[in-house]
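*Asks:* Everything below, folded, please.
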Amino acid sequence: MDVINAALEAALATSSREHWTPIVVNVAPATLTITHEQTEAVLCECRVRFLSFMGVGRDVRSFAFIMASAPGAFRCHMVWCEPNAAGLSEALQAACMV
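*Replies:* Model (predicted):
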């Protein structure tokens, strides 16, 4: 989690919220889907079984997950949640147990 927290803090320090993409996160039993809030375009779709790590950052509004995108290749996605990331974290944990 230390590496994720460092990445979250670096991203927060180098960009302003006005430049962030507003999204909607949908967690289903088998998939995690991130869509653009206004256009509803799918920005990321991940099978839950390909999640290799997830966690809430030091700031409880920040959440990150790492997914396997190809053999030996991984992608980290960071999400800012209002009011906090607890609901997203709990939903993903529940999906992982299905």
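
*Asks:* alpha carbons only for contacts and neighbour counts from here, please
*Replies:* OK.

*Asks:* Would you quantify the distance from the residue of the chain positioned farthest from its centre to residue 4?
*Replies:* Relative to the mean C-alpha coordinate of the chain, counting by CA atoms, centre = their mean, the farthest residue is residue 71 (20.3 Å). Per CA to CA, to the nearest Å, residue 71 is found 21 Å from residue 4.

*Asks:* Strands of this structure, residue ranges please.
*Replies:* Taking DSSP state E as the criterion, the chain carries its strands at 23-27, 31-36, 42-47, 51-56, 62-70, 73-80.

*Asks:* Nearest to residue 14, out of these?
*Replies:* Within these, the stretch nearest residue 14 is strand 73-80; the backing value is 13.8 Å (CA to CA).

*Asks:* what's next to stretch 15-25, contact-wise?
*Replies:* Stretch 15-25 has contacts (CA atoms under 8 Å, 6 or more residues apart in numbering) with 32, 33, 34, 35, 36, 37, 38.

*Asks:* change it to 10 Å
*Replies:* Here stretch 15-25 makes contact (CA atoms under 10 Å, 6 or more residues apart in numbering) with 32-45, 79-81, 88.

*Asks:* Now do it, average pLDDT.
*Replies:* Averaged over stretch 15-25, pLDDT sits at 91.
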